[in-house]
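This is a predicted model, with the sequence first.
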Amino acid sequence: MSTGNTAGSTDPSSRFISESVIEEARREREAAWKKAYESGDTSNAAPPESEYDPRTLYERLKEQRQKKDESYAESRRFANQIKKLDPDETDFLESIDEHALEKQRAERQAEILALAQFKDQVAEKRQVSTLASSARAQPA
């Protein structure tokens, strides 16, 4: 039996890569990435890989799902605090709005009336002043 890395080998140690080989490959990738990044050519080099996570895929997916569920619950938390209005409350609020609109309309009508009276008074004063000036001009 040969101890080399051949596909037909039955030696279990030949099927696995040691951690030192993985670390060396990672360092080489990081060095190549840094060199490419410093030279400005980032198209060929991939960014350094993230830290190795020894957990199983099930555990990682479970954690991601839990985080997603928590964020969903957080977003829905405020939605549950909003109380819906019943018909009596909506009727009351509508009556308040209508009352406020009526008050604004009345104020607007009062303004329009006051402006019309002011314009009439100004017109009367102009008319009186034109009559007075014309009366002064006639005796001369």
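Ah, there it is.

So for stretch 64-76, mean pLDDT?
Averaged over stretch 64-76, pLDDT sits at 91.

what sits up against that stretch?
Residues outside stretch 64-76 that contact it (C-beta atoms under 8 Å, 6 or more residues apart in numbering): none are found. Glycine gets a C-beta too; all of them are placed from N, C-alpha and C.

Give me the distance from that stretch to the chain's centre.
Centroid separation between stretch 64-76 and its chain, computed with C-alpha atoms, centre = their mean, to the nearest Å, is 18 Å.

buried stuff in that stretch?
By neighbour count on 16 or more other C-beta atoms under 10 Å, the buried set for stretch 64-76 is empty.

Dump the C-alpha coordinates for it into CSV.
The C-alpha coordinates for stretch 64-76 follow below in CSV (Å, rounded to 0.1, in the frame of the first residue of the first chain):
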residue,chain,number,x,y,z
GLN,A,64,-30.6,32.5,11.1
ARG,A,65,-34.2,31.5,11.3
GLN,A,66,-34.4,32.6,15.0
LYS,A,67,-32.9,36.0,14.1
LYS,A,68,-35.4,36.4,11.3
ASP,A,69,-38.3,35.5,13.6
GLU,A,70,-37.1,38.0,16.2
SER,A,71,-36.8,40.8,13.7
TYR,A,72,-40.3,40.0,12.4
ALA,A,73,-41.7,40.0,16.0
GLU,A,74,-40.0,43.3,16.6
SER,A,75,-41.5,44.9,13.5
ARG,A,76,-44.9,43.6,14.4
